[in-house]
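Novice: Just the structure for this:
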Amino acid sequence: MVIYMARTAGETKREKLHSYYDYSLLFLILFLVCFGLVMIYSTSSYNAQRIHGDATYYLSRQALLGGAGILIMLFVSKIDYRLYVKKLPIIKIKPVTILYFMCIFLQVFVIIFGEDIKGAKRWIEIGGLGRFQPSELSKIAVILVTAYIVNLAPRKLDKIWGFLRVALFISPLLGLVIAENFSTGLIIGLIFVAISFVASKKKAYFIISGIVMGALASLMIIFVDFRAGRLDAWINVETHEKGYQILQGLYAIASGGIFGKGLGESMQKLGFIPESHNDMIFSVICEELGLFGAVSLILLFILLIWRIFVIAINAPDLFGGLVATGVLVHIASQVLINIAVVTSSIPSTGIPLPFISYGGSSLMVILFEMGIVLSISNQIKAQR
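Specialist: Residues are numbered from 1 along each chain as shown. Presented below is the predicted three-dimensional model:
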């Protein structure tokens, strides 16, 4: 009788635990994607009609990829994230290893055979389906690979040699990305360092690493002509010929006032801001929705980052927590850098605003990452 009662009590206790799924995060993601579609139509309809004869040209493409991305996100969210680091039954290779080497291959391929657009080879043309940017997929690879390597021996990161060990695995992919896309390489570097920083109990050597990496980044900016030109344009934004776009973006922000001119009423999107639906979309949001709309969007991003943070600290294992941390740093750094560029707080660089800027590769990769984060949340056991 005692044994039966103990077993019953244990079963009751187990029944009180259930799988958690972060529906608030899911709602935030869906809302941001929908808001992004609204703003893409608002910012691109004029140029789409003028260039392509169809005001919904950019909207329809983004909506198609966004819809596919949401379906992929929901599918990925129901896959146990730990499967990415387990050997596949037949070929005996881990999915994370396949992804890593596939990204290296794609980065080499894009450097040799990629489509040259505005002096940069960053895209691979996929028939009539559009262009794909391999560096976006490399962000997922770096998140998963770094989290996996760190998870194997987290205590080794207490010494700088453990950090250099992780850097040794990440550097081939990071170097290939930086070769043609410095800004994306910066994001990837931040992701790799942040995951290592979180896992390490000793933090002092990260100061030295940060100084060294900052010095190397400065050299890559100063001694590369087009990057030095961007720095000069930022310093002399009112007089430099390449400061035109940033200056027009600042005019848009200033003219928006508190509540903006109204959705669709922007003047700067009518050819003054080149490709306003891309990296500069935040300036049009400020113009049309004003300070109120801009602050509201920033608060939504803060809520999104907070939900990912909650999932990271409650993840059932170290690997899940590190993966969520990597995604958090990816989203937070892109939001921060994009808004800083638009407001001329830092020199211009090609970083899109997550969920909002036009770009199928960026949107689908971010939604895939969100699927992994939701998968981590689904493995958290909570009491009813």
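
Novice: all strands of the chain, in order?
Specialist: Along the chain, counting by DSSP state E, strands occupy 17-19, 115-117, 120-125, 131-132, 381-383.

Novice: which other helices and strands contact the shortest one?
Specialist: Just to be clear, that refers to strand 131-132. If contacts are counted by 3 or more CB pairs under 8 Å, 6 or more residues apart in numbering; DSSP states H and E, strand 131-132 sits against strand 120-125, helix 360-378. Where C-beta positions appear, they are placed from N, C-alpha and C, glycine not excepted.

Novice: Deepest-packed of these, please.
Specialist: Across the helices and strands packed on strand 131-132, averaging neighbours per residue (mean count of other CB atoms under 10 Å) puts helix 360-378 on top, at a mean of 23.

Novice: which other helices and strands contact that helix?
Specialist: With contacts taken as 3+ CB pairs under 8 Å, 6+ apart, helix 360-378 sits against helix 23-52, helix 57-77, strand 131-132, helix 134-152, helix 281-314, helix 318-342.

Novice: Please state the offset of the third one from the chain centre?
Specialist: In this case it means strand 131-132. Distance of strand 131-132 from its chain centroid, counting by CA atoms, centre = their mean, to the nearest Å, is 17 Å.

Novice: For residue 354, see how far away residue 256 is.
Specialist: 21 Å (CB to CB, to the nearest Å).

Novice: Rounded mean pLDDT for stretch 166-184, please.
Specialist: Mean per-residue pLDDT for stretch 166-184: 89.

Novice: So what's the gap between it and the chain middle?
Specialist: With CA atoms, centre = their mean, you get 16 Å for stretch 166-184.

Novice: now stretch 198-215
Specialist: 22 Å.

Novice: For residue 290, which non-adjacent residue is closest in space?
Specialist: Sequence neighbours aside, residue 260 is the residue nearest to residue 290 in space, at 3.3 Å (criterion: CB to CB, 6 or more residues apart in numbering).

Novice: what residues are up against the one you found?
Specialist: 286, 287, 288, 289, 290, 292, 293 (CB atoms under 8 Å, 6 or more residues apart in numbering).

Novice: Could you report the separation of it from residue 272?
Specialist: Relative to residue 272, residue 260 is positioned 17 Å away (CB to CB).

Novice: try residue 251
Specialist: 8 Å.

Novice: Next: residue 144.
Specialist: Counting by CB to CB, the gap from residue 144 to residue 272 is 41 Å.

Novice: neighbour count winner among these two?
Specialist: residue 144 (25 against 16; other CB atoms under 10 Å).

Novice: If I look at that one, what pLDDT would I see?
Specialist: You'll see residue 144 listed with a pLDDT of 96.

Novice: Confirm for me that it is in contact with residue 84.
Specialist: Yes - contact criterion CB atoms under 8 Å: residue 144 and residue 84 qualify, at 5.7 Å.

Novice: Give me the common contacts of the two.
Specialist: Common neighbours of residue 144 and residue 84 (CB under 8 Å, 6+ apart) are 96, 99.

Novice: Which among the contacts of residue 260 count as buried?
Specialist: 286, 287, 288, 289, 290, 293 (16 or more other CB atoms under 10 Å).

Novice: Quick check: residue 204 vs residue 330, distance?
Specialist: Per CB to CB, residue 204 is found 26 Å from residue 330.

Novice: which of the two has more neighbours?
Specialist: Comparing residue 204 with residue 330 by neighbour count (other CB under 10 Å), the higher total belongs to residue 330, at 24 against 8.

Novice: close enough to count as contact, the more buried one and residue 187?
Specialist: Yes - counting by CB under 8 Å, residue 330 does reach residue 187; the two are 6.5 Å apart.

Novice: so what sits against both of the two?
Specialist: Common neighbours of residue 330 and residue 187, counting by CB under 8 Å, 6+ apart, are residue 139.

Novice: If anything else comes up later, I'll come back, but that's it for now.
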